[in-house]
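>>> sequence and computational prediction follow.
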Amino acid sequence: MIYTGDHQHIEPVSRQRLSPQDVAQTILSGFDRHYALFRYGAQRAKSLFESGDWRAIQQLSRERIEYYDTRVRECSAMLNATLRGSEASPEGASAEIELTEPQLRFWQAAKAAYIGLLAGHRQPECAETFFNSVSCRILHRDYFNNDFMFVRPAVATDYIDSRLPSYRVYYPATEGLQASLIRMMADFGLAAPFADLPRDVRALARMAVGRLRATLTREAGQRIAPDCQIHVLNSLFFRNKGAYAVGRLVNQGAIHPFAIALLRQPSGHVELDALLYSTDDLSTLFSFTRAYFLVDMEAPSAYVHFLNTLLPRKPKAEIYTTIGLQKQGKTLFYRDFLHHLAHSRDAFDLAPGIKGLVMAVFTLPSYPYVFKLIRDRIAKPDMDSATVKRKYQMVKKHDRVGRMADTWEYSQVALPRERFSEALLQELRREVPGLLEETPDTIVLRHVYIERRMTPLNIYLMRASDAALEDAVRQYGDAIRELAAANIFPGDMLFKNFGVTRLGRVVFYDYDEIQRMTEMNFRRIPPAPYEEAELAAEPWYPVGPNDVFPEEFDSFLLGNPRVRAAFLKHHACLLDAEWWQACRERVIQGRIEDIFPYDASRRLGRDARGPAAMNQP
């Protein structure tokens with residue numbers, strides 16, 4: 001038998017009522033339903049792109065994030081109702097009991113039966129993760145190990161492919177580069193017509209040949225070989241207003257990654273807009289600061305393997321996440337983390353920098369991520385743990401426009417106690433006792449966010465040269481503009497709440513005060529009725545809960561003369577209430593601005609329009 005249910009109502013289940021094979025089949029059927037809906041969403045994205053329905057694409061992206069948890073709840077409810085003959089336990093409840101030997105054998109047998117069902121499955125790694133998610137709603141965390149769950153993968157994904165191979169191959173040495181590119185684009189089968197595909201391909205070929213020629217000149221001894229090949233993934237990658245063909249040119253064993261950006265014009269025609277041809281270009285395209293792609297994949301591991309050849313430095317966990325399989329990304333991230341812990345000796349310690357009022361933050365110096373826990377007592381009015389979680393969930397579902405970091409969210413994380421510095425332990429006991437559980441050997445974090453580590457912008461600006469400082473301040477203002485255009489008001493815009501990535505991009509990462517632009521009221525400070533009013537401790541004008549006075553940004557952001565000069569040079573309009581009011585009005589009208597993940601220099605040169613024209617003052 002196996003025990004399921006909540007803390008108050010736990011009853012034994014006879015093995016005769018539900019066999020391990022039944023449990024395995026129920027869970028796999030739940031996953032198959034999830035993945036069928038996942039693929040259908042990507043197929044819908046193609047038709048929405050063809051029709052130019054950008055708001056529907058954004059809505060689809062938000063809804064798809066909820067698909068997985070919905071299916072897990074459905075599957076858990078079905079199992080609990082069948083096993084117990086009653087309603088399922090409340091969401092998040094687990095069986096806080098010690099399992100007997102027969103119960104342990106039952107769940108191990110269910111896992112073994114599940115492995116048998118995955119023979120020939122096209123998404124075995126994702127199905128294993130789904131089994132874990134359902135198991136976490138039934139088993140106590142003491143059983144979160146490989147005996148009962150897939151802490152390690154049981155089915156290899158090497159060389160798994162879809163029935164139709166995941167990528168197509170073209171031979172430019174045989175049919176010519178332009179002919180190959182025309183056929184490649186036509187093979188995607190877009191229903192929307194191209195405006196002038198031969199024209200676009202000629203511009204694309206000129207840029208590609210120039211780039212390839214420069215590369216081959218640097219790499220002595222290389223030449224374009226007779227068996228030079230172009231490999232391109234079968235499905236387009238859709239996100240916001242763009243579609244992307246992703247591939248690689250293989251020449252004498254050297255891999256040259258590329259992505260071709262396609263845009264649908266208001267006329268209904270599709271044009272090739274840009275060629276992304278460097279690893280940094282593709283890293284930006286597949287960044288953790290952007291929303292997840294909608295892409296139709298029968299065998300996701302084949303896509304991840306292909307993308308990993310283009311981005312060898314990017315962990316597979318992040319690749320799975322960026323193509324919309326964020327739960328599989330969480331699984332791989334945690335496996336990588338456990339592996340790193342086993343092969344390192346440094347201690348978790350307090351994060352450097354200014355402490356926040358909402359989060360306690362710590363790091364492992366050898367690991368490029370930070371760990372964030374919501375403080376038990378938050379020294380901000382109208383702010384509590386539930387509010388902070390809602391803000392982070394809002395960011396998870398929102399278009400992050402390359403300016404907000406994605407986060408991994410975990411519960412019941414057990415870490416080795418010996419790896420915690422004493423200073424960190426004291427801080428956690430003082431600030432987050434409600435999220436902490438200590439045993440002689442472990443520290444259990446009941447809820448934690450894990451986020452890519454960046455250099456805090458305030459620290460970066462202190463050390464930056466004049467040129468680097470001006471570029472960072474320009475990007476800081478661009479980030480605020482782009483977030484505002486995407487209906488996000490950052491709230492607390494202090495430099496400490498922004499970070500600088502490896503590629504030098506400025507990113508916002510403190511979400512506890514974000515609000516939608518449509519909720520805000522941007523105002524000018526009215527003239528003082530008399531001179532002494534300006535010296536009073538309280539304002540002489542009424543202030544509503546969502547009132548913002550942009551001219552006040554000057555006093556708390558621009559005290560440093562170098563920062564002030566750079567800010568006023570590039571973003572003086574951000575101190576003007578009228579700019580914010582106009583931006584808010586565009587959002588209310590439903591405008592979706594053109595904010596694309598590539599520089600204007602990568603565009604094919606039909607005009608001088610930049611990828612984010614809305615950023616111009």
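That came through, no problem. If you're wondering where the values come from, they're calculated on a predicted model, not measured in any experiment.
>>> in space, what's closest to Val209 - neighbours in sequence excluded?
Leu177 (7.0 Å; C-beta to C-beta, 6 or more residues apart in numbering). Every C-beta, even on glycine, is put in place using the N, C-alpha and C of the backbone.
>>> look up phi and psi at that neighbour.
The phi/psi pair for Leu177 (degrees, to the nearest 10) reads phi -60, psi -50.
>>> look up how far Tyr171 lies from it.
Using C-beta to C-beta, to the nearest Å, one gets 10 Å for the distance from Leu177 to Tyr171.
>>> who has more neighbours, these two?
More neighbours surround Leu177 than the other of Leu177 and Tyr171, with 20 against 13 (other C-beta atoms under 10 Å).
>>> now the helices for the stretch 351-500 of the chain?
385-397, 422-431, 457-463, 466-485 (DSSP state H, counting those that start in this stretch).
>>> need the ones you listed in CSV (columns: mean neighbour count and distance to His571).
Below are these laid out as CSV (neighbours: other C-beta atoms under 10 Å; distance: least, C-beta to C-beta, whole Å):
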stretch, mean neighbour count, distance to His571
helix 385-397, 16, 23
helix 422-431, 15, 35
helix 457-463, 17, 14
helix 466-485, 20, 3
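>>> just the element for the closest residue to Gly329 other than its chain neighbours, please.
Spatial nearest neighbour of Gly329, excluding adjacent residues (C-beta to C-beta, 6+ apart): Thr321 at 3.3 Å. Assigned by DSSP states H and E, Thr321 belongs to helix 316-322.
>>> low-scoring stretches of the chain, by residue?
1-16, 81-99, 213-224, 535, 606-617 (pLDDT under 70).
>>> domains of it?
2-143, 167-340, 344-453, 457-615 (automatic domain parsing).
>>> out of those domains, which is closest to Ala156?
domain 2-143 (8.4 Å; C-beta to C-beta).
>>> about what we covered before: same list (the domains of the chain) but as JSON lines, adding distance to Phe150.
Shown next, in JSON lines, are those (distance: least, C-beta to C-beta, whole Å):
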{"stretch": "domain 2-143", "distance to Phe150": "4"}
{"stretch": "domain 167-340", "distance to Phe150": "8"}
{"stretch": "domain 344-453", "distance to Phe150": "16"}
{"stretch": "domain 457-615", "distance to Phe150": "31"}
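>>> pull out the buried residues from stretch 310-320.
Leu310, Leu311, Lys314, Lys316, Ala317, Glu318, Ile319, Tyr320 (16 or more other C-beta atoms under 10 Å).
>>> dump those residues into TSV; add distance to Arg377 as well.
Compiled in TSV, those are given as follows (distance: C-beta to C-beta, whole Å):
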residue	distance to Arg377
Leu310	46
Leu311	42
Lys314	38
Lys316	39
Ala317	33
Glu318	34
Ile319	39
Tyr320	37
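>>> burial measure for Leu494, as a count.
Quick note: Leu494 (other C-beta under 10 Å) scores 14 neighbours.
>>> for Ala565, see how far away it is.
19 Å.
>>> same question, Tyr369
In terms of C-beta to C-beta, Tyr369 sits 35 Å off from Ala565.
>>> same check on Lys314?
37 Å.
>>> report the contact partners of Val507.
Val507 makes contact with Thr289, Gly402, Arg403, Met404, Ala405, Met454, Ala479, Phe498, Gly499, Val500, Thr501, according to C-beta atoms under 8 Å, 6 or more residues apart in numbering.
>>> same thing but 10 Å
287-289, 400, 402-405, 452, 454, 457, 475-476, 479, 498-501 (C-beta atoms under 10 Å, 6 or more residues apart in numbering).
>>> residue contacts, Leu568?
Here Leu568 is in contact with Val473, Asp554, Leu558, Leu574, Leu575 (C-beta under 10 Å, 6+ apart).
>>> packing partners for the helix or strand just after the helix holding Thr321?
Once the chain leaves helix 316-322, the next helix or strand it forms, by DSSP H and E, is helix 326-342. Secondary-structure packing of helix 326-342 (3 or more C-beta pairs under 10 Å, 6 or more residues apart in numbering; DSSP states H and E): helix 54-84, helix 124-136, helix 300-310, helix 316-322, strand 369-374, strand 407-416, strand 442-452.
>>> what comes up buried for helix 326-342?
Per 16+ other C-beta under 10 Å, helix 326-342 contains these buried residues: Gln326, Lys327, Gln328, Gly329, Lys330, Thr331, Leu332, Phe333, Tyr334, Arg335, Phe337, Leu341.
>>> TSV for those residues, including distance to Arg591?
What follows is the buried residues of helix 326-342, written out as TSV (distance: C-beta to C-beta, whole Å):
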residue	distance to Arg591
Gln326	28
Lys327	33
Gln328	34
Gly329	32
Lys330	34
Thr331	38
Leu332	37
Phe333	36
Tyr334	40
Arg335	42
Phe337	41
Leu341	47
